[in-house]
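Trainee: please find the sequence and the predicted model below.
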Amino acid sequence: MKIDLDSWQQFMLIALGALGALALVYRLVDRLLSRRQQRRRIVAARVRSGHVPLEIPTTRGSLARASEPATLWDQLGDSQGGDAMVVDEQPRIHIRYLDIYGKYAERTIHVERLDLHRQAIIAKGDALHDPKIFPLERIAAARNAVSGKPFNIGLWVDAVRVARRKREMHEESQMGALA
């Protein structure tokens, strides 16, 4: 088998072109993935700083609990257009989770409490045999039961953590003002 110089050069040019195209595709995909990761990091940082994205369930309210009397802070908030949007710590959500048998199950639950220490959702179910505790690591997907829109459980947990921290700071400042 005899290979002449022209066919060898043509083969090398095709191989070099294919390698260049492969490098270009890799570069574009890497850039797209890094931009997507940057967006996720920015959203997570905004949530940690107190911003509540649209996909997280919210309710109208104030930092103070409803059982506490109205304070000057609340009156100022009311004069500026009513209560602010705060994270709903007890939303009704539809989750897809990995059950104890290793199979995926779907259920609509009403969150009673988010346990940040155990990283679990304690919820009310529809039936008596429904599980009460859902570890966050076993939840594969979540949707808002009211609107049907998907939302990120991790962002919701971060938003609840920030809301609780703000509430604690608000309570401490009120206790300091009373003393």
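Mentor: Great, that's in hand. Numbering: from 1, shown residues only.
Trainee: top helix in the protein by residue count?
Mentor: helix 5-48 (DSSP state H).
Trainee: can you name the residues that contact V162?
Mentor: Residues near V162 by CB atoms under 8 Å, 6 or more residues apart in numbering: V47, R48, S49, G50, V87. To be clear about C-beta, it is placed using only N, CA and C from the backbone, and glycine gets the same treatment.
Trainee: that one sits in which helix or strand?
Mentor: helix 153-178 (DSSP states H and E).
Trainee: also compute the angle for that helix relative to helix 5-48, please.
Mentor: On the basis of axes from the mean of the first three to the mean of the last three CA atoms, to 10 degrees, helix 153-178 is oriented at 30 degrees to helix 5-48.
Trainee: who wins for neighbours among the contacts of V162?
Mentor: With neighbours defined as other CB atoms under 10 Å, the most crowded of the contacts of V162 is V87; it has 25 neighbours.
Trainee: gap between it and L5?
Mentor: Shown here: V87 relative to L5, a distance of 71 Å by CB to CB, to the nearest Å.
Trainee: with P131 instead?
Mentor: 73 Å.
Trainee: please apply the same query to N144.
Mentor: 67 Å.
Trainee: these two: who's more crowded?
Mentor: Between N144 and L5, counting by other CB under 10 Å, N144 is the more crowded of the two (17 against 7).
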